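> Task: produce atomic coordinates for the following.
(chains A and B)
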Protein chains: 2
Amino acid sequence: MAIKVYGSMLSTATLRVLLCLAEKDIDFELINVDLASGEHKKPHILSRNPFGQIPAFEDGDIKLFESRAISQYISRTYVGKGTDLINTDPKKAAVESVWMEVESLKFDPVTTKLAWELCMKRMLFGQNGDEEVVKAEEKTLGSVLDVYESRLSESKYLGGDSFSLADLHHAPMVKFMMETRIKDVFDARPCVSAWVADILARPACVKVFGVPAY
Amino acid sequence: MAIKVYGSMLSTATLRVLLCLAEKDIDFELINVDLASGEHKKPHILSRNPFGQIPAFEDGDIKLFESRAISQYISRTYVGKGTDLINTDPKKAAVESVWMEVESLKFDPVTTKLAWELCMKRMLFGQNGDEEVVKAEEKTLGSVLDVYESRLSESKYLGGDSFSLADLHHAPMVKFMMETRIKDVFDARPCVSAWVADILARPACVKVFGVPAY
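The predicted model follows:
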């Protein structure tokens, strides 16, 4: 099997790559990296990702890291296989690219902080999240999702009329948020809520997340 | 003139787009957005960038925001004009893409915090930066630049043998850092230091930054 993903099902960044491979219907081998024992800081992972993070990716002679660079590589290389995830019209692809940036720079930072306060702190250190921080981040997320609501009232998907990497990149963290009380922030916005239902019901999401979507 | 950039010379994100246009030797009109008066939160900018930030970009009928999406659009659309900023070999382009992600997710956040503590706080609020925060961020930047040092000991540029968007995206914040005491963090690493000198000496940088480079 040519494609190897070094990662963990506990990592939203790894799930982003697995979702992309599922949409493209591409076989791969997942080599589990044990985050709990700090395996991602060991030499065999550092040689694949110098920042000691996951995922790392291998396709024959090409080695990559950074989940969003990997998903773009897969989408551009395996054109015509599975779902097209980057529009072939360069202008439409440019708009998709804008919303990929928005996911990375606006959506992911705030939801990562919320995931930390609401879940990871307890899982890793047995501590409760800071309610003040949660409230502030919830407000920030609300402002971001107000922009999404407006965008999704004009087009079915963030990048335009068709599902693209711009939507896919959100899916793992959206799925995570749906299992917390932050679901309410999404549900309060009808177009965002319909978009969430649509992307989480995709066969690739159901396959990778292992449970029926919302 | 078809291409319009709504932005400010005080914004590193705007400078990123201007540098890209300079490398591609493309004419454009810069429409100054007065950050001090909050013009970026007014309807005519919000209609171009729903997050009320700059730059916003227009090329005929296409309107974009997010500087790194704009630079990729320019590089992919104006192939063969000026400097090629994305490799034509898809595998090499994928590696460039990895380092574009690294700039956005590793380099920019820490240098933005340093710029805030060392300069912007004083400029905007007449306050001194927090020395403890500066020390912590300096350490984080050092760790990021250790990875850059290793990478740049193997290849002349971050993405490979040729200058690409992966390098260009760094230039405005690198230029900013060179004018602070954080320059020492770069200078302590010979390959990083040579890379800084190389990119800031490019005619596009000299033109956009308006002064000779280091």
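> Name the residues that touch the helix or strand of chain A with the lowest mean pLDDT?
For chain A, the helix or strand with the lowest mean confidence is helix A:121-125, at a mean of 84 (criterion: mean pLDDT, DSSP states H and E). With contact meaning Cβ atoms under 8 Å, 6 or more residues apart in numbering or on different chains, helix A:121-125 is reached by A:127-129. Every residue, glycine included, has its C-beta placed from N, CA and C.
> What residues of the helix ranked longest in chain A count as buried?
As assigned by DSSP state H, the longest helix anywhere in chain A is helix A:131-152. Residues of helix A:131-152 classed as buried: A:134, A:137-138, A:140-141, A:144-145, A:147-149, A:151-152 (neighbour count, 16 or more other Cβ atoms under 10 Å in any protein chain shown).
> export the residues you listed to CSV and tack on pLDDT and distance to residue B:188?
CSV is the format used below for those (pLDDT from 0 to 100; distance: Cβ to Cβ, whole Å):
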residue, pLDDT, distance to residue B:188
A:134, 96, 39
A:137, 97, 36
A:138, 97, 41
A:140, 98, 36
A:141, 98, 39
A:144, 98, 38
A:145, 98, 43
A:147, 98, 41
A:148, 98, 43
A:149, 98, 47
A:151, 98, 44
A:152, 98, 47
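> tell me, which of the residues you listed make contact with chain B?
A:147, A:151 (Cβ under 8 Å from any Cβ of the partner chain).
> of the buried residues of helix A:131-152, closest to chain B?
residue A:147 (4.5 Å; Cβ to the nearest Cβ).
> Would you enumerate the residues in contact with the closest one?
Neighbouring residues of residue A:147 by Cβ under 8 Å, 6+ apart: A:102, B:50-51.
> Throw the residues you listed into a markdown table and include distance to residue B:93 and secondary structure, thanks.
Shown next, in a markdown table, are the contacts of residue A:147 (distance: Cβ to Cβ, whole Å; DSSP: H, G, I helix; E, B strand; the rest coil):
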| residue | distance to residue B:93 | secondary structure |
| --- | --- | --- |
| A:102 | 22 | helix |
| B:50 | 29 | coil |
| B:51 | 28 | coil |
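> Tabulate those residues (TSV), appending pLDDT and distance to residue B:11.
What follows is those, written out as TSV (pLDDT from 0 to 100; distance: Cβ to Cβ, whole Å):
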residue	pLDDT	distance to residue B:11
A:102	98	17
B:50	96	17
B:51	96	13
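> what's the domain layout of chain A?
According to automatic domain parsing, chain A comprises the domains A:3-84, A:90-206.
> okay if I get the ones you listed as JSON lines plus distance to residue B:5?
Output for the domains of chain A, formatted as JSON lines (distance: least, Cβ to Cβ, whole Å):
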{"stretch": "domain A:3-84", "distance to residue B:5": "25"}
{"stretch": "domain A:90-206", "distance to residue B:5": "15"}
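> Residue B:106 is nearest to which of these?
Proximity to residue B:106, assessed across the domains of chain A by Cβ to Cβ, is greatest for domain A:3-84 (6.8 Å).
> what does chain A have sitting close to chain B?
Near chain B, when you scan chain A using Cβ under 8 Å from any Cβ, you find A:50-51, A:61-62, A:64-66, A:68-69, A:72-73, A:76-77, A:90-91, A:93-95, A:97-98, A:100-102, A:104-106, A:147, A:150-151.
> in chain A, which spans are strands?
A:3-7, A:29-32, A:56-59, A:62-65 (DSSP state E).
> Could you list every helix and strand in contact with the third one?
Think strand A:56-59. Other helices and strands packing on strand A:56-59, by 3 or more Cβ pairs under 8 Å, 6 or more residues apart in numbering or on different chains; DSSP states H and E, are strand A:3-7, strand A:62-65, helix A:67-77.
> quick one: strands adjacent to that strand?
strand A:3-7 (antiparallel), strand A:62-65 (antiparallel) (DSSP bridges).
> quick one: contacts for the nearest residue to residue A:49 once chain neighbours are set aside?
Distances taken as Cβ to Cβ, 6 or more residues apart in numbering or on different chains place residue A:65 nearest to residue A:49, at 3.9 Å, with adjacent residues excluded. For residue A:65, the contact set (Cβ under 8 Å, 6+ apart) comprises A:48-51, A:53, A:55-57, B:98.
> which stretches of chain A have low pLDDT?
Applying pLDDT under 70 to chain A flags residues A:1, A:211-214.
> Indicate which one of the strands of chain A is closest to residue B:33.
Residue B:33 lies closest to strand A:62-65 among the strands of chain A, at 35.6 Å (Cβ to Cβ).
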